[in-house]
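In: I'll drop the sequence and a predicted model, then ask my questions.
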Amino acid sequence: MKHRERIAVVPGSFDPITKGHMDIIRRAQELFDKVIVLVVINAMKTPSFSPQERVELIRASVNDLEGIEVDSYDGLLVNYVRDVGACAIVKGLRAVTDFEYEFQMALINKELYDKVETVFLTTSVENQYLSSSVVKQIASFGGNIHPFVPEQVHDKIMERLGKTRR
């Protein structure tokens, strides 16, 4: 019997990508044959980076990882998942509050496309408090974001978001 390639989509705004995101991407890579990191466009948010810039930041962060693709999409997630033949949506969970929202989305996605499963990966302890919003806030005050973002993209993020302390 021929093995069907197992493709997972890891969606998010990634504005900007953090070490928490990287942890989830690497762990998804262990579980699936191919992982597509998908920048989803959320009309309700005002991003700091354009979709193309976020794709470029993610590509720079994952360039040494095998089986990872990066894309962006501004439609319904399940339509993208169906179009690429993915079997799973991978989401990282930091807290119970994340779970409530993500559980609702998983049920809706399953209703819209019954061939997809949502896989929840709990965050590593060191990333439990980490979010793109926190990174943006620290950078905006000229703080040190080295512990929170991939080294490959640190300078680009600080160029956009940071200010130097006087």
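Out: Happy to help now that I have it.

In: Give the rounded mean pLDDT of the longest helix along the chain.
Out: Identified as the longest helix of the chain according to DSSP state H is helix 96-112. Across helix 96-112, the average pLDDT comes to 92.

In: helix or strand right after that helix?
Out: strand 117-122 (DSSP states H and E).

In: other SSEs contacting that next one?
Out: For strand 117-122, the elements it packs on are helix 19-31, strand 88-93, helix 96-112, judged by 3 or more Cβ pairs under 8 Å, 6 or more residues apart in numbering; DSSP states H and E. All C-beta spots, glycine's among them, are computed from the backbone N, C-alpha and C.

In: Tell me which of the ones you listed sits most buried.
Out: Comparing these by mean neighbour count (mean count of other Cβ atoms under 10 Å), strand 88-93 ranks first with a mean of 22.

In: Alpha carbons of that strand, as CSV, please.
Out: Provided in CSV are the C-alpha atoms of strand 88-93 (Å, rounded to 0.1, in the frame of the first residue of the first chain):
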residue,chain,number,x,y,z
ALA,A,88,-4.4,18.5,9.6
ILE,A,89,-4.3,22.0,11.0
VAL,A,90,-1.8,22.4,13.8
LYS,A,91,-2.4,25.0,16.5
GLY,A,92,-0.3,25.9,19.5
LEU,A,93,-2.0,26.4,22.8
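
In: For it, which strands pair with it and how are they oriented?
Out: Strand partners for strand 88-93, identified by DSSP bridges, are recorded as strand 7-12 (parallel), strand 117-122 (parallel).
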